[in-house]
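Asks: Any chance you can model this:
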Amino acid sequence: MEIYRCGNEKMSKDDVIQMQGEVLENLPNATFRVKLENGHVVLGHISGKMRMNYIRILPGDRVTVELTPYDLSRARIVFRSK
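Replies: As a prediction, the model looks like this:
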């Protein structure tokens, strides 16, 4: 007998897509416009750990973002490169 869950399954961390990009501009509420390596422009917000450690992001910074397969127009900024 198989048991099926109805929509309560959590997405694992392996389901995200990590990409590199460059911050184009700052927007309100810690949101940024990020241009990815493949040319797409997405809306990115800072992850919680970056907020807690007061990591500042400026236009021109190289960042690593995580995209979910559900909405490829939004991203989570998880790392700022030097």
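Asks: From here on, just use CA atoms for contacts and neighbour counts.
Replies: Fine.
Asks: So, low pLDDT: which residues of the chain?
Replies: Filtered on pLDDT under 70, the chain yields the residue ranges 1-13.
Asks: Which stretches in it count as strands?
Replies: For the chain, the strands defined by DSSP state E cover 17-27, 31-36, 41-46, 62-67, 74-80.
Asks: what about residue 37, how many neighbours?
Replies: By other C-alpha atoms under 10 Å, 11 other residues sit near residue 37.
Asks: Pretty sure residue 20 is one of the things it touches, is it not?
Replies: Yes. At 6.0 Å, residue 37 and residue 20 qualify as touching, with contact defined as C-alpha atoms under 8 Å.
Asks: picking that back up, out of the strands of the chain, nearest to residue 56?
Replies: Judged by C-alpha to C-alpha, the one of the strands of the chain that comes nearest to residue 56 is strand 74-80, at 8.7 Å.
Asks: how much does the closest one deviate in direction from strand 17-27?
Replies: Following axes from the mean of the first three to the mean of the last three C-alpha atoms, to 10 degrees, one obtains 90 degrees for the angle between strand 74-80 and strand 17-27.
Asks: what packs against strand 74-80?
Replies: strand 41-46, strand 62-67 (3 or more C-alpha pairs under 8 Å, 6 or more residues apart in numbering; DSSP states H and E).
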